[in-house]
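J.: Predicted model, plus sequence, below.
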Amino acid sequence: MAEKKDWKETLNLPRTDFPMKANLTKREPEFLKYWEEMGLYQKMLNTREKAPLFVLHDGPPYANGHIHMGTALNKILKDFIVKSKRMAGFNAPYVPGWDCHGLPIELNVERELKVRRGELPKLTVRKHCRAYAERWINIQREEFKRLGVIGDWENPYLTMSYDYEATIAREFVTFLSKGYVYRRKKPVYWCTHCVTALAEAEVEYYDHRSPSIYVKFPLDEDALAALPEELRKGPVSILIWTTTPWTLPANLAVALNPEFDYVVVQLKDEFLLLAEGRLSALAAELGLEKVPPILGRVKARDLEGKHARHPFLPRKSLIVLADYVTLEAGTGCVHIAPGHGEEDYETGLKYGLEVYAPVDAEGRFDPELPEIGGQHIFEANAKIIEILKERGNLLWVTEITHSYPHCWRCKKPVIFRATEQWFISMEANHLREKALEWIDKVRWIPPWGRERIRNMVEKRPDWCLSRQRSWGVPLTVFTCRACGTILKDYQYYEKTIQLFEEHGADIWFEKEAKDLLPPGTQCPRCGGEEFQKEEDILDVWFDSGVSFAAVLERRPELKFPAELYLEGSDQHRGWFQSSLLCAVGTRGRAPYEAVLTHGFVVDGKGRKMSKSLGNVIPPEKVIKRYGAEILRLWVAAEDYRDDIRLSDEILARLTEAYRKIRNTCRFLLGNLYDFDPEKDLIPPEELPEFERYLLFRLSRLTERCLKAYENYDFHLITQGLHQFCAVDLSAIFIDVSRDTLYCEAPEAFKRRAAQTVLYHALTTLTRLMAPILSFTAEEIWRYLPGPKEAESVHLASFPAPVLREVPEDFKQKWERLFALRSEITKALEIARKEAKIIGNSLEAEVVLVPPAELAAFLQENQETLTYLAIVSQLTVAQEASSEEGTVLYESAELPGLKVLVKRARGRKCERCWKWSETVGQREDLPALCARCYQVVQQIDDQTA
RNA sequence: GGGCCUAUAGCUCAGCUUAGGUCAGAGCGCACGCCUGAUAAGCGUGAGGUCGGUGGUUCGAAUCCACCUAGGCCCA
């Protein structure tokens, strides 16, 4: 007897070099290099030269520090959009940018150089800042590229490039010349020791010991008159509490909360007005044995606009309402000095009070002030307390320790002090109103973005543009030295802007006003010829806010307005808003048609990532361990409109999902090794029903994915692709078709039909996944059989559905067949696990006993069900009973259906492993079933 | 404290807003089997949910309303 033949050689087993193991960490850099060398970005544009433009305008990240998960998420989402829009037929350029100016960089540079603000010349600081920003741009650029994000990385936009700086100045001057810009005092953090304004970020909080005083503001006649009858008997004073006596000289008002109940109480021979909610606390603080009796009640609203007398200056203090007054401390009555506090300032604006701050840069009171003029404010505290005592307006004095802002350099306490600042008016030219109109016209995704930015724009104060710092674009303003007139006309600044184009904004600090102005400039008001240039720089939000002018309008491949801005939801206050205001103010419309927002990256429990919680996962760590592809898959799998969770478990799950998709594609490739689509592809209408049904399922997937790309619903795509791989292909089509693919003759129609489905599935999946799984799609692309549409998958187009429509009864028939299949598998599982009469399903014969309504259907589809169930034999009978060695299962899903499972008849074919009574019928090849005998004969004939 | 948002099985998501009435679904993971011709693969079955909580509207709510709790972004 001949030795046992190895039937494997006669089978069409999968063949492919496509590796099962992704090895992403190693392979990704190779693809990046390949894309870079082929000039992929340029080619992506070239192939869509005449297509309609879709401009996604990049919001510039700050050029400081490594990228984090949030910036990675943002850039990956943008990459999905750019790639998918291109595949969908648009010309989708992507010009990344960086935000380069501003305080954080300046602070870091000072730290590196170990110098304080003002110790180095501005130009020197600026030079170092520029180099610093450049350094981080280069680092971040590489980090972004590593994520597989394709764009014009060689020509990004930088807010510090000369032409960009010139644009900033140009746009500012436009605002200036159109009358939006004005100058007004506003309190800012101020260090009297360092003699400088401080930014929020330059302030640190430490405990500080301050006087704590209760001060009486005697009511003026108008206020007394507003009191109820019974309270008018004697002098009544509003009682306030403060820890900064030195701000009292600047007091212009006393604020009450309109919601609180105010009372007048008698304390010894004095009548005091305060909030009822603070009365007992006050009594305790003063050490009183009992709470003073309430003489009457007062409505805050009745006192609004009336007056109190200043406790020691010959001046009145306006009684105002403010809802930020709390009952947590003090008396419920708050002393207001608009020149020395943020809230005081806002309230002052509301009531038309002067922004009064009689304190010089070094912290000394104005010389004109009686008794305290010329004294340093902190030293004057004691003197002021003494004066209050003399006037009889001090009720109580102690000391408290509380958290108080300090200068980050000299560690001394800072103050709020009003200084001249530049603003853009929200009211000039109806800026606020027009911005709100455009908010309504823009498409906000998700829709609540509109409400959010609307609330902010409705309430926001005028835009304070000036910063007392070095690293930025100067507020290009000239003022006449003689009469103080501000030059607002555009013509005065043309030369400056020209010089910025050539030399950058440094030139403003290098040259004098006369060299920046056109020759012979005279003040339009007084004819003066000497001018002063402004020294402050612009808020960096203005820099990025005009990116539409510097980038969209100036780059030939882009256009204004953009189709889309896409940033985190914090940018409703930031870039979305600054861009909107800049564009509406100068162009009369929003710079974007639509705004898409994403949430923030949080940990597995939904908590924000922070150093103190120790739950930060840097992108680099994920890339090193799993590869950028897994990071991309993560971005695509989560609904980014909410907060986006990231944890080890999530990454583990995603890795599994990735493997499933990859392996499914590998199987498809392996079974197409001898398939030439140009020769072997079968038109859908000629395919058998099972194959047609799968193409229909594939087409439904295609349509759903294309729609999801349009709606930026990437997580639906990921779920859809994964599910199709796991269920439609792996569990159903592949499992069922394996016999056909392996065992039929290579060119058999049945096999080619199955391969046709595999081919369509593969090319469709590859394209659909390309924007998301960019590396893997490209890898598969290289192995695709037949001629390719393009050298890179990213130069291809999205697939069209192969078989969009099938008749309704066809669909129903196949849904029914799958319902039956699932009942058969349940029965098989019982036979396998409980009765242990079979191992794999081919060892089984199934007898179906249908209810009457299914009888005909089962008869007609007996053969189909046999291969769908992957059993060796399947028959339909009227009746069946359970005997030894069989399993009888009664379906719950399909009432009346019984499934009998028993061991298959005949013998196992050594080639195809199906059981058949035809095995052994041929003496020359007794190990084979009839089908395999025939196939092997055929192969022998051909090779002979 | 204010504005906006989120909360469905261990994980990621459907369903909810455009009309409240299939027993709330999917994939993964898990458990238990099978296979060894996708093999550091593949297949099957199964167990998992008070739909964040409490009230309300309704004959009936995961779906509508109110409040609460937890979390996020932006302010104060």
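T.: Structure received. Quantities reported herein were computed from a predicted structural model and do not represent experimental measurements. Numbers count the residues shown, from 1 in each chain, chains lettered A, B, ... in the order given.
J.: pLDDT at A:Ala505, what is it?
T.: The pLDDT attached to A:Ala505 in the predicted structure is 95.
J.: Does it touch A:Ala169 like I think?
T.: Yes: the criterion here is C-beta atoms under 8 Å, and A:Ala505 meets it with A:Ala169 at 7.0 Å. Every residue, glycine included, has its C-beta placed from N, CA and C.
J.: Mutual contacts of these two, please.
T.: The overlap between the contact sets of A:Ala505 and A:Ala169 (C-beta atoms under 8 Å, 6 or more residues apart in numbering) consists of A:Val473, A:Pro474.
J.: Just the buried residues of the host helix or strand of A:Ala856, please?
T.: Assigned by DSSP states H and E, A:Ala856 belongs to helix A:852-860. By 16 or more other C-beta atoms under 10 Å, the buried positions in helix A:852-860 come out as A:Leu854, A:Phe857, A:Leu858.
J.: Pick out whichever of the residues you listed sits closest to A:Arg432.
T.: For the buried residues of helix A:852-860, the minimum distance to A:Arg432 (C-beta to C-beta) is 69.1 Å, reached by A:Phe857.
J.: Show the model's pLDDT score for that closest one.
T.: Listed pLDDT for A:Phe857 reads 94.
J.: secondary structure class for the residue nearest to it when sequence neighbours are not counted?
T.: Among residues not flanking A:Phe857 along the chain, A:Arg816 sits closest, at 6.9 Å (C-beta to C-beta, 6 or more residues apart in numbering). Classification of A:Arg816 by DSSP: H, G, I helix; E, B strand; the rest coil places it in helix.
J.: Around A:Ala594, how many other residues sit close by?
T.: A:Ala594 has 18 neighbours, counted by other C-beta atoms under 10 Å.
J.: wait, what's in contact with the residue in chain A positioned nearest to RNA strand B?
T.: Per C-beta to the nearest atom of the strand, A:Gly839 is where chain A lies closest to RNA strand B, at 2.3 Å. By C-beta under 8 Å, 6+ apart, the contact set of A:Gly839 is A:Arg832.
J.: that older thread, need the CA coordinates for the helix holding A:Ala856. CSV is fine.
T.: These are the backbone C-alpha positions of helix A:852-860, laid out as CSV (Å, rounded to 0.1, in the frame of the first residue of the first chain):
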residue,chain,number,x,y,z
ALA,A,852,-45.8,23.4,9.0
GLU,A,853,-45.2,27.0,7.9
LEU,A,854,-41.5,26.3,7.5
ALA,A,855,-41.7,22.9,5.8
ALA,A,856,-41.6,24.1,2.2
PHE,A,857,-38.9,26.6,2.9
LEU,A,858,-36.6,24.0,4.5
GLN,A,859,-37.2,21.6,1.6
GLU,A,860,-36.2,24.2,-0.9
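J.: Give me the helices and strands touching it, please.
T.: Judged by 3 or more C-beta pairs under 8 Å, 6 or more residues apart in numbering; DSSP states H and E, helix A:852-860 is in contact with strand A:873-876.
J.: swap the cut-off to 7 Å and go again
T.: Contacts defined by 3 or more C-beta pairs under 7 Å, 6 or more residues apart in numbering; DSSP states H and E place helix A:852-860 against no helix or strand at all.
J.: what residues go with each domain of chain A?
T.: Using the TED database, the domain ranges for chain A come out as A:11-18+A:641-806, A:44-180+A:425-463+A:540-598, A:196-416, A:476-535, A:838-905.
J.: what about the first one, near RNA strand B?
T.: Which is domain A:11-18+A:641-806. Yes: Domain A:11-18+A:641-806 reaches RNA strand B (C-beta under 7 Å from any atom of the strand) through A:11, A:13-14, A:642-645, A:647, A:649-650, A:653, A:656-657, A:659-660, A:663-664, A:666-667, A:670, A:715-716, A:719, A:722-723, A:726-727, A:729-732, A:734-735, A:738, A:742-743.
J.: per-residue confidence averaged over the helix or strand harbouring A:Thr347?
T.: Here A:Thr347, judged by DSSP H and E, is contained in helix A:342-350. Mean pLDDT, helix A:342-350: 83.
J.: Over to stretch A:211-231?
T.: Across stretch A:211-231, the average pLDDT comes to 82.
J.: what's that stretch in contact with?
T.: Residues from elsewhere that reach stretch A:211-231 (C-beta atoms under 7 Å, 6 or more residues apart in numbering): A:232, A:235-243, A:245, A:254, A:264, A:295-296, A:298, A:302-303, A:306-309, A:311, A:316-317, A:319, A:381, A:385, A:388, A:393-400.
J.: ok, now stretch A:281-292?
T.: Residues from elsewhere that reach stretch A:281-292 (C-beta under 7 Å, 6+ apart): A:Val265, A:Gln266, A:Leu267, A:Leu274, A:Leu279, A:Ser280, A:Thr331, A:Trp396.
J.: With stretch A:644-659 instead?
T.: Stretch A:644-659 is contacted by residues A:69, A:73, A:599, A:601-604, A:606, A:617, A:622, A:626, A:629-630, A:633-634, A:637-638, A:722 when judged by C-beta under 7 Å, 6+ apart.
J.: filter those residues to the buried ones?
T.: Those of the contacts of stretch A:644-659 that meet the buried threshold are A:69, A:73, A:599, A:601-603, A:617, A:622, A:626, A:629-630, A:633-634, A:637-638, A:722, by 16+ other C-beta under 10 Å.
J.: Contact partners for the residue lying closest to A:Lys122 once chain neighbours are set aside?
T.: Excluding the flanking residues, the one nearest A:Lys122 by C-beta to C-beta, 6+ apart is A:Ser470, at 4.5 Å. The contact partners of A:Ser470, by C-beta under 7 Å, 6+ apart, come to A:Glu106, A:Lys122, A:Val125, A:Arg126, A:Ile537.
J.: As a markdown table, those residues with pLDDT and secondary structure would be great.
T.: As requested, the contacts of A:Ser470 are exported to a markdown table (pLDDT from 0 to 100; DSSP: H, G, I helix; E, B strand; the rest coil):
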| residue | pLDDT | secondary structure |
| --- | --- | --- |
| A:Glu106 | 90 | helix |
| A:Lys122 | 91 | helix |
| A:Val125 | 93 | helix |
| A:Arg126 | 95 | helix |
| A:Ile537 | 92 | strand |
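J.: Now rank those residues by neighbours and give me the top one.
T.: Neighbour counts for these peak at A:Ile537, which has 28 neighbours (criterion: other C-beta under 10 Å).
J.: That one contacts A:Gln468, correct?
T.: No: if you go by C-beta atoms under 7 Å, A:Ile537 and A:Gln468 don't touch, sitting 8.1 Å apart.
J.: Now do the buried residues in stretch A:774-794.
T.: Neighbour-count burial for stretch A:774-794, counted by 16+ other C-beta under 10 Å, picks out A:774-781, A:783-785, A:792-794.
J.: correct me, but A:Leu239 touches A:Val334?
T.: No: A:Leu239 is beyond contact range of A:Val334, at 10.9 Å (criterion: C-beta under 7 Å).
J.: Which strand or helix spans A:Thr174?
T.: Counting by DSSP H and E, A:Thr174 is part of helix A:162-177.
J.: ok now that helix, how far from the chain's centre?
T.: Here helix A:162-177 is found 29 Å from its chain centre; the criterion is C-alpha atoms, centre = their mean, to the nearest Å.
J.: what packs against that helix?
T.: Secondary elements touching helix A:162-177 (3+ C-beta pairs under 7 Å, 6+ apart): helix A:494-503, helix A:540-545, helix A:575-587.
J.: how distant is the longest one from the center of its chain?
T.: Which is helix A:575-587. Chain-centre distance of helix A:575-587: 20 Å, with C-alpha atoms, centre = their mean.
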